[in-house]
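> structure for the following, please:
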Amino acid sequence: MKILVCISHVPDTTSKINFIENDAKFDTNGVQFVINPYDEFCLTRAMWFKEKQGASVTIVNVGGPETEPTLRKGLAIGADSAIRVNVSPTDGFQVAKELAAVVKDGGYDLVLAGKESADYNGQMVPGMLATLLDFNFINACVGLEVEGTTVSAIREIDGGNETLSVSLPLVVGGQKGVVEEKDLRIPNMRGIMMARKKSLQVLEATGSVASTSIESFEKPAPKGAVKLVDADNVDELISLLHSEAKVI
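Next up, the predicted model:
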């Protein structure tokens, strides 16, 4: 089984976010970038298939040279090889089209991707990718087993979970539950040294054009002052909710 894991290069959630050029561009200065957490869950699951079933695991990112340290971390975790598509992604559909070309050329059976990236939270790429490839698709996946060409998957739905049976080839949009946080792997020194010798192939983009563009960013409004109301003063609470909070 050939597995491709899509890796997004995202800011660490503890990073302080700022914008430049009249709030039209994200300021990367001083920002620590990491593997998208949802993608890391998927990569860890792929490593299980590698170790238990002999699957080969390739990771892929659509991005510039600045994303290569993130790919090297994925190699240090245990992926066999890496691919970087040399284009700065500005649009989910553009990313999906570039990934589709990689999947077609590589003949992958199973494509794992986080259900969304932790920066833009678009939840677009896995579904678009499955459509472009005409692959089966499962989103919000919290459980995954493969036996031959048959896949048993559990996905999160409103109010519970749903168990599905589907055949390869397949695109999965994964999240926490595919593996748990305690199962995530921290690269050790041996893995880091081995990652330096593993293949990191750079492919030129297919020429796909973004369908959307960012006009501007806006930070959330700062939180207002908190007004405390005595628990016994229900009338004042109702008045404040009506006149100030305007929620009733």
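
> show the backbone phi and psi for the residue nearest to S81 when sequence neighbours are not counted.
Take S81 and drop its neighbours on the chain: the residue closest to it by CB to CB, 6 or more residues apart in numbering is S199, 4.3 Å away. C-beta coordinates here come from the backbone N, C-alpha and C atoms, glycine included. The phi and psi values for S199, taken as degrees, to the nearest 10, are phi -70, psi 130.

> any figure for the gap between S199 and L43?
17 Å (CB to CB, to the nearest Å).

> now for the chain, the helix or strand with the poorest mean pLDDT.
helix 234-243 (a mean of 87; mean pLDDT, DSSP states H and E).

> could I get the buried residue list for the longest helix along the chain?
Taking DSSP state H as the criterion, the chain has its longest helix at helix 37-53. Applying a neighbour-count criterion of 16 or more other CB atoms under 10 Å, one finds 37-47, 49-50 buried in helix 37-53.

> and for stretch 92-103?
Applying 16+ other CB under 10 Å to stretch 92-103 flags G92, F93, Q94, V95, A96, K97, E98, L99, A100, A101, V102, V103 as buried.

> just the C-alpha atoms of it, please, in CSV.
C-alpha atoms of stretch 92-103 as CSV (Å, rounded to 0.1, in the frame of the first residue of the first chain):
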residue,chain,number,x,y,z
GLY,A,92,-7.5,25.8,-1.5
PHE,A,93,-8.5,24.8,-5.0
GLN,A,94,-5.0,25.5,-6.3
VAL,A,95,-3.5,23.3,-3.5
ALA,A,96,-5.9,20.5,-4.3
LYS,A,97,-5.1,20.6,-8.0
GLU,A,98,-1.3,20.5,-7.3
LEU,A,99,-1.8,17.6,-4.9
ALA,A,100,-4.0,15.7,-7.4
ALA,A,101,-1.1,15.8,-9.9
VAL,A,102,1.2,14.3,-7.3
VAL,A,103,-1.3,11.5,-6.5
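
> from here on, call the first residue 38.
Sure, I'll start numbering at 38, so the last one becomes stretch 129-140.

> contacts for that stretch next, please.
41, 43, 97, 99, 120, 122, 124, 126, 148, 157, 159, 161-162, 165-166, 169-170, 240, 242-243, 245-249 (CB atoms under 8 Å, 6 or more residues apart in numbering).
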